[in-house]
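S.K.: Test case, fold it:
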Amino acid sequence: MKKHLFVPLLLLLLCYTTACTSEYKPHNGDIIFQTSLSQQSIAIQKATNSKYSHVGIVYLKNNKPFVYEAVEPVKLTPLKKWIARGKGNHFSVKRLVNAEKILTKEALQRLLKVGKISEGKHYDLYFEWSDDKIYCSELVWKIYKRALNIEVGELQKMNNFNFSDPVVQKKVHERFGNSILKDEIVISPAAIFSSNNLVAVYEQ
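M.R.: So this is what the prediction gives:
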């Protein structure tokens, strides 16, 4: 009996001393995902077939981690506060493939400079591909594209989403009425999460 218990206990001890106690070590430019508790979150999840409905970029400011995000308005949010705002404190982090080579000091400065342009902008409730207002995944995608010419996710059109679920239909009707532009270019958290230009580095 003791022999049978030894292996599980050993594995538990190894887990406790290594991977299970590892913490996320934020890097500038990391892309972080969560399930938002906003009113539109469930509709976004169902329309994009993803558990994630919100995304932002990690920035280190004075060696403290923040998430640059498009909420209302676009702003920096302390990482701990950002995590606590999501469902069950769950989050997932992805990083640019070959980030250690691509994200040089100069590249990170370009990310910051491009991102700064959107600071204070209003959240785009209508998911339009303009720069007047901006939504979360649009902010992340445009920062990487305009700063480094890297596409973190494939652009879609609104009609690529799944509008069959009643929850989605209700939210679409509330937001757009009968005037939704199904040819509008969009980028979703799900599309960024699936990008081949990113690699998973952490999940909690």
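S.K.: mind listing the helices for this structure?
M.R.: 2-17, 41-48, 79-84, 99-102, 105-116, 136-148, 166-176, 189-193 (DSSP state H).
S.K.: Between those helices, which one is closest to residue 71.
M.R.: Proximity to residue 71 (Cβ to Cβ) singles out helix 136-148 among these, at 7.5 Å. All C-beta spots, glycine's among them, are computed from the backbone N, C-alpha and C.
S.K.: got the angle for the closest one vs helix 41-48?
M.R.: Orientation check (axes from the mean of the first three to the mean of the last three Cα atoms, to 10 degrees): helix 136-148 against helix 41-48 gives 60 degrees.
S.K.: buried ones in helix 136-148?
M.R.: By neighbour count on 16 or more other Cβ atoms under 10 Å, the buried set for helix 136-148 is 136-145, 147-148.
S.K.: cool, and stretch 175-188?
M.R.: Buried, per 16+ other Cβ under 10 Å, within stretch 175-188: 186-188.
S.K.: re earlier: would you format the helices of the chain as a markdown table with distance to residue 91 and mean pLDDT included?
M.R.: Converted to a markdown table, the helices of the chain look like this (distance: least, Cβ to Cβ, whole Å; pLDDT from 0 to 100):
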| stretch | distance to residue 91 | mean pLDDT |
| --- | --- | --- |
| helix 2-17 | 21 | 44 |
| helix 41-48 | 14 | 92 |
| helix 79-84 | 5 | 97 |
| helix 99-102 | 18 | 96 |
| helix 105-116 | 20 | 96 |
| helix 136-148 | 14 | 98 |
| helix 166-176 | 23 | 88 |
| helix 189-193 | 12 | 98 |
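S.K.: Nearest to residue 125, out of those helices?
M.R.: helix 166-176 (6.3 Å).
S.K.: got the angle between that closest one and helix 41-48?
M.R.: 110 degrees.
S.K.: Not counting its own residues, what contacts helix 166-176?
M.R.: 39-40, 42-43, 46-47, 125-126, 161-163, 180 (Cβ atoms under 8 Å, 6 or more residues apart in numbering).
S.K.: Now render the residues you listed as a markdown table, adding distance to residue 73.
M.R.: Putting the contacts of helix 166-176 into a markdown table (distance: Cβ to Cβ, whole Å) gives the following:
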| residue | distance to residue 73 |
| --- | --- |
| 39 | 18 |
| 40 | 17 |
| 42 | 23 |
| 43 | 22 |
| 46 | 27 |
| 47 | 24 |
| 125 | 13 |
| 126 | 16 |
| 161 | 25 |
| 162 | 29 |
| 163 | 28 |
| 180 | 24 |
